[in-house]
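K.L.:
Pasting the sequence and the predicted model now:
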Amino acid sequence: MHFSVSFRILGLLLMLFSSTMLTPLIFALLENDHDVTGFLSALGITFFSGLLMWVPVRNASHELQIRDGFLITSLFWTVLGLFGALPLALSDALNLTPVEAIFESISGLTSSGGTVIVGLDELPRSILLYRQLLQWLGGIGIIVVAVAVLPMLGIGGMQLYKAETPGPSKNSKLTPRITETAKVLFIVYLTLTIACATTYYMLGMSAFDAICHSFSTIALGGFSTHDASLGFFENDYILMAASFFMLVSGINFGLHYMLWHRKTITVYSRDSETRFYLAAVSVCIATTIIFLVWEEVHGHQEAVLHGVFQVISIITTTGYSTENLGEWPLMLPIMAIFFSCMGGCVGSTTGGIKAMRLMLIYKQGVRELKQLVHPSAVIPLKVGRRRVEASIVSAVWSFFAVYTSIYIVLMLMMMATGLDFLTSFSAVAAALNNLGMGIAGVSGDFRSISETAKGIMCIGMLLGRLEIFTLLVLFTPAFWRK
């Protein structure tokens, strides 16, 4: 493992990351909102920290190894989450503790969307824009790492697509070079963001709100510039547009590229993971609408509107909310939280286990049932027309087992801080699935929970965003041995 290369890349990332504070700084200068000093100080600290890290190893040119990939990927969100907290901690308008500032920063960069800030409508626009930028940058970082880095690490991520029908949309590299792949994905990501912002603006949002909400919608983060989230606008068409863009952003971004490249929508219908994902969303939506009407929570039209919007928001781990889910039958938010454990497709900005893994677990279960009926039969596990390697199935089951164990441990730790079962259960889902919203004691925000609980949630958000194994492997002795 070459620490010099890792620190060189991390130093460059910090220097680049400091530039994200320039736009909010300009807003603060133009509007004289008293956060100029905070942004300027944070920018300087971040840039010079990166410079000090980069200068001693600037000439390092060793080839990256697998362990270097693990270390860089883990440090990417951990270190940037800490430095990203500086503008929030130094802001006169927020009055956050260091732990709260780190929580808000990590929640943004991991596109979780949980917040400890109340009174968003009165905050300076520089702070509001900075929060949204954190989510947008975290979103594109998630996609690039998922497509360009995780296949090399072999943790049951994008390499699952080796089991699918052959074709460019199923390769870990859409183009011959990883750098070109990253560029292609960024263009797709940027195009969707512009389309979303334009749609919001045409439907009645201000230019500022449209841009900010497009950042969090495509990143599936859920941060808003208003305490009432998208409910602030009282516009059904905005909710419909948000539902569409959230659903689209939950699909593998490589398929969006193939749609543009091949000019045919059949790239989605031929993809088994996308079909599984859309089927799961449809089942959850249908169940929610039926219960909302049956329990007379809403009339038919409102049940369809809010059922579709709220379910898509939760399953895609976005976390937008226009309803007090505490007024819904308890079964509905609990069901939606379980569905959020799936999230969306591999190679998207969603959190959770990912649809591909659950699809393979489902197919493995069906295969075992058939094997019981026909003990002597050879029944291969297939996705599409291709046989799934045993190593892939093993990786999926290992991931699921570790995910479940981590969930239980984090929930017990949250309960140890004094939270009740339902609050702890939903808070861990909000963190580990990068969902950002909960029920019971955390239905609105996370400001009321203890500093210890916020710290536990920070760990959960990082574990969820880094596909668990990527972070846990750093704590194994074998990782550090030569």
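P.N.:
Looks like it came in fine.

K.L.:
Could I get the buried residue list for the helix or strand Ser424 falls within?
P.N.:
Element membership for Ser424 (DSSP states H and E) is helix 421-432. For helix 421-432, burial by neighbour count (16 or more other CB atoms under 10 Å) applies to 422-432. For the C-beta atoms, the positions are set from N, CA and C on the backbone; glycine is no exception.

K.L.:
what's the longest helix in this protein?
P.N.:
Longest helix of the chain, by residue count under DSSP state H: helix 390-416.

K.L.:
Please name every helix or strand in contact with that one.
P.N.:
helix 355-373, helix 421-432, helix 451-465, helix 469-472 (3 or more CB pairs under 8 Å, 6 or more residues apart in numbering; DSSP states H and E).

K.L.:
Of the ones you listed, which is nearest Tyr189?
P.N.:
When these are compared by CB to CB, helix 451-465 sits nearest Tyr189, at 16.5 Å.

K.L.:
So what's the gap between the closest one and the chain middle?
P.N.:
14 Å (CA atoms, centre = their mean, to the nearest Å).

K.L.:
Would you convert the buried residues of helix 421-432 into JSON lines that also reports pLDDT?
P.N.:
Listed next are the buried residues of helix 421-432 as JSON lines, based on pLDDT from 0 to 100:
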{"residue": "Leu422", "pLDDT": "93"}
{"residue": "Thr423", "pLDDT": "94"}
{"residue": "Ser424", "pLDDT": "95"}
{"residue": "Phe425", "pLDDT": "95"}
{"residue": "Ser426", "pLDDT": "94"}
{"residue": "Ala427", "pLDDT": "95"}
{"residue": "Val428", "pLDDT": "96"}
{"residue": "Ala429", "pLDDT": "95"}
{"residue": "Ala430", "pLDDT": "94"}
{"residue": "Ala431", "pLDDT": "94"}
{"residue": "Leu432", "pLDDT": "94"}
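
K.L.:
could those go into a markdown table alongside distance to Tyr320?
P.N.:
Formatted as a markdown table, the buried residues of helix 421-432 follow (distance: CB to CB, whole Å):
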| residue | distance to Tyr320 |
| --- | --- |
| Leu422 | 21 |
| Thr423 | 20 |
| Ser424 | 23 |
| Phe425 | 21 |
| Ser426 | 16 |
| Ala427 | 18 |
| Val428 | 20 |
| Ala429 | 16 |
| Ala430 | 13 |
| Ala431 | 17 |
| Leu432 | 19 |
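
K.L.:
on that earlier part again, tell me which of the helices and strands packed on helix 390-416 sits most buried.
P.N.:
helix 421-432 (a mean of 25; mean count of other CB atoms under 10 Å).

K.L.:
Check the offset of it from the chain's centre.
P.N.:
On CA atoms, centre = their mean, the centre of helix 421-432 falls 16 Å from the chain's centre.

K.L.:
other SSEs contacting that helix?
P.N.:
helix 331-340, helix 390-416, helix 451-465.

K.L.:
Tell me how far Arg357 lies from Ile439.
P.N.:
25 Å (CB to CB, to the nearest Å).

K.L.:
just Gly344 next, same as before
P.N.:
21 Å.

K.L.:
Those two - which one has more neighbours?
P.N.:
Gly344 (31 against 22; other CB atoms under 10 Å).

K.L.:
Helix, strand, or coil at the more buried one?
P.N.:
coil (DSSP: H, G, I helix; E, B strand; the rest coil).

K.L.:
does Cys458 really touch Ile106, like I thought?
P.N.:
Yes - with contact defined as CB atoms under 8 Å, Cys458 reaches Ile106; the gap is 5.0 Å.

K.L.:
Find the residues that touch each one of the two.
P.N.:
Counting by CB atoms under 8 Å, 6 or more residues apart in numbering, the contacts common to Cys458 and Ile106 are Gly81.

K.L.:
Reformat the helices and strands packed on helix 421-432 as CSV; add distance to Leu220.
P.N.:
Listed next are the helices and strands packed on helix 421-432 as CSV, based on distance: least, CB to CB, whole Å:
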stretch, distance to Leu220
helix 331-340, 11
helix 390-416, 19
helix 451-465, 12
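
K.L.:
Buried deepest among the ones you listed, which one?
P.N.:
helix 451-465 comes out most buried of the helices and strands packed on helix 421-432 by mean count of other CB under 10 Å, with a mean of 23.

K.L.:
what helices or strands is it leaning on?
P.N.:
By 3+ CB pairs under 8 Å, 6+ apart, helix 451-465 packs against helix 66-84, helix 98-109, helix 390-416, helix 421-432, helix 469-472.

K.L.:
can you redo these as JSON lines with distance to His34?
P.N.:
Compiled in JSON lines, the helices and strands packed on helix 451-465 are given as follows (distance: least, CB to CB, whole Å):
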{"stretch": "helix 66-84", "distance to His34": "20"}
{"stretch": "helix 98-109", "distance to His34": "17"}
{"stretch": "helix 390-416", "distance to His34": "36"}
{"stretch": "helix 421-432", "distance to His34": "32"}
{"stretch": "helix 469-472", "distance to His34": "37"}
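
K.L.:
Out of these, flag the one nearest Gly250.
P.N.:
Going by CB to CB, the one of these nearest Gly250 is helix 421-432, 16.7 Å.

K.L.:
could I get the closest one in PDB with only the CA atoms?
P.N.:
Output of helix 421-432 as PDB, limited to C-alpha atoms (Å, rounded to 0.1, in the frame of the first residue of the first chain):
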ATOM      1  CA  PHE A 421     -37.400   1.400  20.100                       C
ATOM      2  CA  LEU A 422     -39.400   3.000  17.200                       C
ATOM      3  CA  THR A 423     -37.200   6.100  17.300                       C
ATOM      4  CA  SER A 424     -34.000   4.100  17.300                       C
ATOM      5  CA  PHE A 425     -35.200   1.800  14.500                       C
ATOM      6  CA  SER A 426     -36.100   4.600  12.200                       C
ATOM      7  CA  ALA A 427     -33.100   6.700  13.100                       C
ATOM      8  CA  VAL A 428     -30.700   3.800  12.200                       C
ATOM      9  CA  ALA A 429     -32.700   3.400   8.900                       C
ATOM     10  CA  ALA A 430     -32.300   7.100   8.200                       C
ATOM     11  CA  ALA A 431     -28.500   6.800   8.700                       C
ATOM     12  CA  LEU A 432     -27.600   3.300   7.300                       C
END
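
K.L.:
Report the buried residues of the helix or strand containing Trp260.
P.N.:
Element membership of Trp260, judged by DSSP H and E, is helix 253-262. Of all the residues in helix 253-262, those buried under the rule 16+ other CB under 10 Å are 253-259.
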